[in-house]
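Student: Would you be able to build a 3D model of this:
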Amino acid sequence: NTAKRYTVTSLPTAAPQRYNQHVVIFFITYCPCCTAAKQVFSGMDIPARIIELDKMDNGPEVQAALLDISGRRTVKNEFIKGKHLGGNDDSQAAARSGKLQEMLGI
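Tutor: A predicted model of the protein is given here:
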């Protein structure tokens, strides 16, 4: 198999660790679910690094790498301290249950 295999740390130009952030969100600016998920973090005063794939020259490559890492074809993709959380439904549920705060240690 000649397909590229990525890990969160090897993701082209957008690895969460490269941004030194606990929360990294990959999304597309015109997606309403992406905006709603971003608001989960801003509403909790949790700083997040936002990666706007539709504004990146290599956005499709990064999105393909995210599929390889997370198994999700769609965006938004969130990583908390380098661990994949999921999409909008996942972040909403994690915030309600306290899992998000637990993952962040707050």
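
Student: so what secondary structure elements neighbour the helix or strand of the chain with the lowest mean pLDDT?
Tutor: Lowest by mean pLDDT, DSSP states H and E among the helices and strands of the chain is helix 32-43, with a mean of 82. Helix 32-43 is packed against strand 23-27, helix 88-97, with contacts defined by 3 or more CB pairs under 8 Å, 6 or more residues apart in numbering; DSSP states H and E. All C-beta spots, glycine's among them, are computed from the backbone N, C-alpha and C.

Student: By mean pLDDT, show me the worst of these.
Tutor: Comparing mean pLDDT across the helices and strands packed on helix 32-43, the weakest is strand 23-27, with a mean of 87.

Student: Between helix 88-97 and it, find me the angle.
Tutor: 150 degrees (axes from the mean of the first three to the mean of the last three CA atoms, to 10 degrees).

Student: Remind me what strand 23-27 packs against, helices and strands.
Tutor: helix 32-43, strand 49-52, helix 59-70, strand 77-80.
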